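> I'll drop the sequence and a predicted model, then ask my questions.
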Amino acid sequence: MKTTAAGMMTIAALLAAVTSALAAAPAKNDGSQLAIYIFLGMCAMIVVVQLLPIIFLFFAFVKALIQGKKETAAAPAEVVIEK
Amino acid sequence: MSDTSRIYLQPTPIRIWHWLNAFGIVTLGLTGIQIRFPEYINLFSGYKTAILLHNVAGVVVAASFALWFFYYSFVARNMLKVYVPNKDEVKSGLLRQAKFYLLTYFLGRPNPHHPTPENKFNPMQKSAYLAIMFLLMPLIGLSGILLINIEPMRDLVLMIGGLKILMAIHYILACCLCAFLFTHVYLATLGRTAFAYIKPMWTGWEEEESDDHQHLDHLAPRPN
């Protein structure tokens, strides 16, 4: 628990400290903005591509749920008695 | 008879962390070379671009490190089991794995380590990743944060020994990480095929040959 708390503190300190670094960074239109956008775009692409299977699975689940509801509503309940 | 089974080894958060980390560290390395040797290397449009990109990549790597830490600490809750080698692994596992990488791999013998979600790293990987993730990455991150916040963290910088010492520490740590990176990529190609270990890191699923004969291969006489 102590290790976890210490780790969380370290990460919080890391992330808190970088915000001032971003504020201090030069922001001129010398091509640096484009490089940043390309880099962040690639990062976003990695995240999205890795999340695609989960997104597809979610939509398949929702689709199956809706279809199941429709079928239940459309078909009247049948009682089959086997003798 | 050879029979392949699939095991889900790398969950989505770990895959996202790994590839963000990989892309971020390569960017940090390339921009870092330009920042360190601007008179020889000009990979990006300018020195300022390299600095800005280095800072942004540093933030991304720090964020992905936080994701990794959060996942193993609070979701999987098996960080120590995955990353800390046990007594047996230190006593004999390290030697066995080193022997595989240095000798038996080239003789076509199977890898002595068979990964499971709870024990996905071999003893050598565990030792290396333990040092990288718990020592090298936090230290390089902290030294980087100090370097981009010299003014607000002036006292801390002076306490460490000044800007030159801090830059030297950051540079040496980066060289260590770079050395690990080359080793990491080389060892990642030592599966049954060159991409056998790389593919699971992208898809999450690893194909494992559950062939009993393969594991007993070393006992069988080999043709000369």
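Right, received. Where do you want to start?

> Can you report how many residues neighbour residue A:49?
Residues near residue A:49, counting by other CB atoms under 10 Å in any protein chain shown, number 13. Glycine gets a C-beta too; all of them are placed from N, C-alpha and C.

> and the helix or strand where it lies, anywhere near chain B?
Using DSSP states H and E, the element containing residue A:49 is helix A:32-74. Yes: residues of helix A:32-74 are located near chain B by CB under 8 Å from any CB of the partner chain, namely A:32, A:35-36, A:39-40, A:42-43, A:46-47, A:50-51, A:53-54.

> between those residues, which is closest to chain B?
Checking these against chain B with CB to the nearest CB, the nearest one is residue A:32 at 3.9 Å.

> And the residue nearest to the closest one when sequence neighbours are not counted, which helix or strand is it part of?
Nearest non-adjacent residue to residue A:32, counting by CB to CB, 6 or more residues apart in numbering or on different chains: residue B:49, 3.9 Å away. Per DSSP H and E: residue B:49 is located in helix B:47-70.

> could you point out which element follows that helix?
helix B:79-83.

> What average pLDDT does the helix or strand following that following helix get?
Counting by DSSP H and E, the next helix or strand C-terminal to helix B:79-83 is helix B:87-88. When pLDDT is averaged along helix B:87-88, the result is 93.

> Not counting helix B:87-88 itself, show me its contacts.
Contacts to helix B:87-88, defined as CB atoms under 8 Å, 6 or more residues apart in numbering or on different chains, come from no residue at all.

> In the helix or strand following that helix, which residues are buried?
Later in the chain than helix B:87-88, the nearest helix or strand by DSSP H and E is helix B:94-102. For helix B:94-102, burial by neighbour count (16 or more other CB atoms under 10 Å in any protein chain shown) applies to B:94, B:96-97, B:100-101.

> How about the residues of chain B by chain A?
B:12, B:15-16, B:19-20, B:23-24, B:27, B:44-46, B:48-49, B:51-53, B:55-60, B:62-63, B:65-66, B:69, B:73, B:138, B:141-142, B:145, B:148-149, B:152-153.

> hmm, back to that, looking at the residues of helix A:32-74 next to chain B, which has the smallest pLDDT value?
residue A:32 (80).

> thinking it is in contact with residue B:55, fair?
No: with contacts defined as CB atoms under 8 Å, residue A:32 does not count as touching residue B:55, sitting 10.4 Å away.

> Show me which helix or strand of chain A is least confident by mean pLDDT.
helix A:2-24 (a mean of 55; mean pLDDT, DSSP states H and E).

> Closest one of the buried residues of helix B:94-102 to chain A?
residue B:94 (23.6 Å).

> That closest one: what's it in contact with?
B:85, B:123-124, B:127.

> Tell me the predicted confidence for it.
pLDDT at residue B:94 comes out at 95.

> how much space between it and residue B:102?
As judged by CB to CB, to the nearest Å, residue B:94 and residue B:102 stand 12 Å apart.

> quick revisit: by neighbour count, which of the residues of helix A:32-74 next to chain B wins?
residue A:32 (23 neighbours).

> ok, that residue - contacts?
With CB under 8 Å, 6+ apart, residue A:32 has these contacts: A:26, B:45-46, B:48-49, B:52-53.

> Identify the farthest-apart pair in these.
The largest separation in the contacts of residue A:32, counting by CB to CB, is between A:26 and B:45 at 12.7 Å.

> Doesn't residue B:192 lie inside a helix?
No: under DSSP: H, G, I helix; E, B strand; the rest coil, residue B:192 sits outside any helix and is assigned coil.

> wait, isn't residue B:180 in contact with residue B:128?
Yes: Residue B:180 is in contact with residue B:128 according to CB under 8 Å; the separation is 6.9 Å.

> sorry, back to before: out of the residues of chain B next to chain A, which end up buried?
B:15-16, B:19-20, B:23-24, B:27, B:44, B:46, B:48-49, B:51-53, B:55-60, B:62-63, B:65-66, B:69, B:73, B:138, B:141-142, B:145, B:148-149, B:153.

> Let me see the contact set for residue B:124.
Here residue B:124 is in contact with B:94, B:97-98, B:101 (criterion: CB under 8 Å, 6+ apart).

> would CSV of these with distance to residue B:78 be doable?
CSV is the format used below for the contacts of residue B:124 (distance: CB to CB, whole Å):
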residue, distance to residue B:78
B:94, 21
B:97, 21
B:98, 25
B:101, 25
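
> which one of the residues you listed is nearest residue B:113?
Looking across those and measuring by CB to CB, the closest to residue B:113 is residue B:97, at 6.4 Å.

> Name the nearest residue to that closest one, sequence neighbours excluded.
residue B:124 (4.4 Å).

> what separates that neighbour from residue B:186, distance-wise?
Counting by CB to CB - residue B:124 and residue B:186 are separated by 13 Å.

> again with residue B:161
Applying CB to CB to residue B:161 and residue B:186 gives a distance of 35 Å.
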